[in-house]
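Trainee: could you work out the structure for the sequence below:
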Amino acid sequence: MLTSKIMGFEKPSASLSNLPNLHKKVLLASVFMVGAALLWPTQQEFSSQRIPVTLDLDALIPHINQPIKAGQVFEEPTPILEHVITNGDTLSKLFEMAGIDQKTMYKVLEADLDVLALDTLMPGNRIQFWDDNQGNLAKMELYFNPAHQVVFTRYDDGTYEVKDINLEGIWQNRIVGGEINGSFYVSAKAAGLSAAEIAKVESLLTSKLNFSRELRAGDRFSVLMNDQFIAGETTGNSNLEGIQIHTGRRDITAFQHLDGNYYDEKGQSLAPAFQRVPLSKNYRMTSRFNPNRKHPITGRVRPHNGTDYATPVGTPVLAPGEGVVSLVTNHAFAGKYIVIEHDNKVRTRYLHLSAFKVKKGQRVKRGQVIALSGNTGASTGPHLHYEFHVKGRPIDSMKANIAEAKVLPKKDLSEFQSIVRSRKMMMELG
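Mentor: Modelled structure (predicted):
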């Protein structure tokens with residue numbers, strides 16, 4: 001017999017048709033009322049096992065009711081120390097002022113081996129320290145000028161990454177000129193050249209002109225400078241691009257070519273040819289320049305900004321070209337090292353030396369012995385680490401565009417003469 005389930009009860013479906021009509025209506029009405037009663041909403045009652053909890057949304061999301069101001073930005077944490085370098089400051093003193101221990105200072109020095117920026121801090125430069133929630137040095141920034149900053153950032157393992165930031169900015173020409181009235185120095189200073197710029201002019205032309213004897217009142221000079229700006233602010237970086245001095249008997253000129261070197265308008269070099277390797281003999285190269293070198297264990301990029309030569313301790317190190325010694329120092333990891341500033345926008349560095357043969361501020365000539373190679377600092381064996389920088393950036397000395405001849409080759413002379421014509425026109429108009 002077929003059955004149908006209604007609300008959980010089984011009723012004989014065959015006998016339903018045999019009931020009188022009145023009974024059928026009563027039965028159907030009863031079923032409808034029971035179903036409606038079950039579906040009708042009632043007030044919810046909580047059992048003793050269920051306790052209502054009020055959610056405090058303000059506590060869960062504390063800033064949800066705070067209005068956001070137009071243009072509001074989240075500011076970087078305030079540094080624990082911001083200090084402008086003055087005479088007498090030492091690195092140990094600066095870290096002590098920031099409350100950072102010496103162990104951390106040496107980790108920063110180790111990272112600085114790739115850049116060697118800390119040794120170049122001068123009065124007027126700025127240094128900033130930031131810490132994390134555990135009191136560790138999280139970041140340190142060296143501010144040299146708007147175009148150059150160096151930033152040290154802490155890794156999770158306590159070591160530091162270093163980034164040497166150089167901005168190109170905008171370069172604008174400046175023409176300075178006038179008549180000789182007294183000495184060249186006094187006349188150029190009155191026209192607007194700085195003492196450093198005057199020294200650069202005199203150094204370049206020292207083999208062409210005797211400034212104290214040959215210049216007379218009424219002789220004229222014109223100098224083309226190129227100055228760097230970042231966001232409209234001068235960085236203090238400038239470049240000498242052209243010089244013209246007109247005397248009663250002859251004209252003396254110097255113009256910078258694209259290779260960074262200076263020539264007279266006929267293409268004759270104003271400085272002795274530059275030597276590619278600062279050694280008198282050929283020594284085995286043990287490590288090449290590699291800006292993308294990775295540490296074999298950490299996998300992090302640790303650039304090798306120079307070229308290493310397997311030189312025995314005491315090997316004479318030579319100045320590759322004329323220049324001025326800008327730094328003679330002893331570094332915890334670079335060892336004894338020297339920096340030379342050359343006239344062609346080139347800076348050279350020599351690390352892990354055993355002895356110095358020059359002093360800071362001394363002018364050196366090509367081939368002059370400046371030091372003896374060694375094994376000082378964090379060195380794995382006797383060698384010379386040699387770096388070649390152009391416009392503040394390390395490049396491969398073995399591939400650098402170095403003027404190794406006294407006269408520009410014919411393939412470069414036409415381009416140089418075109419540059420000279422353009423600059424002379426600017427200088428005459430100025």
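Trainee: looking at this structure, which helix or strand does the model trust least?
Mentor: One helix or strand of the chain scores below all others by mean pLDDT, DSSP states H and E: strand 3-6, with a mean of 37.
Trainee: for the nearest residue to Leu81 once chain neighbours are set aside, phi and psi?
Mentor: Excluding the flanking residues, the one nearest Leu81 by C-beta to C-beta, 6 or more residues apart in numbering is Ala98, at 4.1 Å. All C-beta spots, glycine's among them, are computed from the backbone N, C-alpha and C. When read as degrees, to the nearest 10, the backbone of Ala98 gives phi -80, psi -10.
Trainee: my guess is Ala98 contacts Ser92. True?
Mentor: No. With contacts defined as C-beta atoms under 8 Å, Ala98 does not count as touching Ser92, sitting 11.1 Å away.
Trainee: quick one: which of those two has more around it?
Mentor: Ala98 (21 against 10; other C-beta atoms under 10 Å).
Trainee: how close does the more buried one sit to Asp131?
Mentor: 8 Å (C-beta to C-beta, to the nearest Å).
Trainee: so what's in contact with those two at the same time?
Mentor: In terms of C-beta atoms under 8 Å, 6 or more residues apart in numbering, Ala98 and Asp131 are both contacted by the residues Ile80, Leu137.
Trainee: low-confidence ranges in the stretch 301-430 of the chain?
Mentor: The stretch 301-430 of the chain contains residues with pLDDT under 70 at 403-405.
Trainee: this structure - how does it break down into domains?
Mentor: 3-32, 81-166, 171-270+408-429, 285-395 (automatic domain parsing).
Trainee: for this protein, what's the longest strand?
Mentor: Ranked by number of residues, the top strand in the chain under DSSP state E is strand 233-246.
Trainee: list the helices and strands it packs on?
Mentor: In terms of contacts (3 or more C-beta pairs under 8 Å, 6 or more residues apart in numbering; DSSP states H and E), strand 233-246 is packed against strand 137-145, strand 170-179, helix 195-204, strand 220-230, strand 251-256, helix 410-429.
Trainee: tell me the angle of that strand relative to strand 170-179?
Mentor: 40 degrees (axes from the mean of the first three to the mean of the last three C-alpha atoms, to 10 degrees).
Trainee: what secondary structure does Ala190 sit in?
Mentor: helix (DSSP: H, G, I helix; E, B strand; the rest coil).
Trainee: what pLDDT does the closest residue to it other than its chain neighbours get?
Mentor: Of all residues beyond its chain neighbours, the one nearest Ala190 is Gly178 (7.2 Å), with distances taken as C-beta to C-beta, 6+ apart. On pLDDT, Gly178 comes in at 94.
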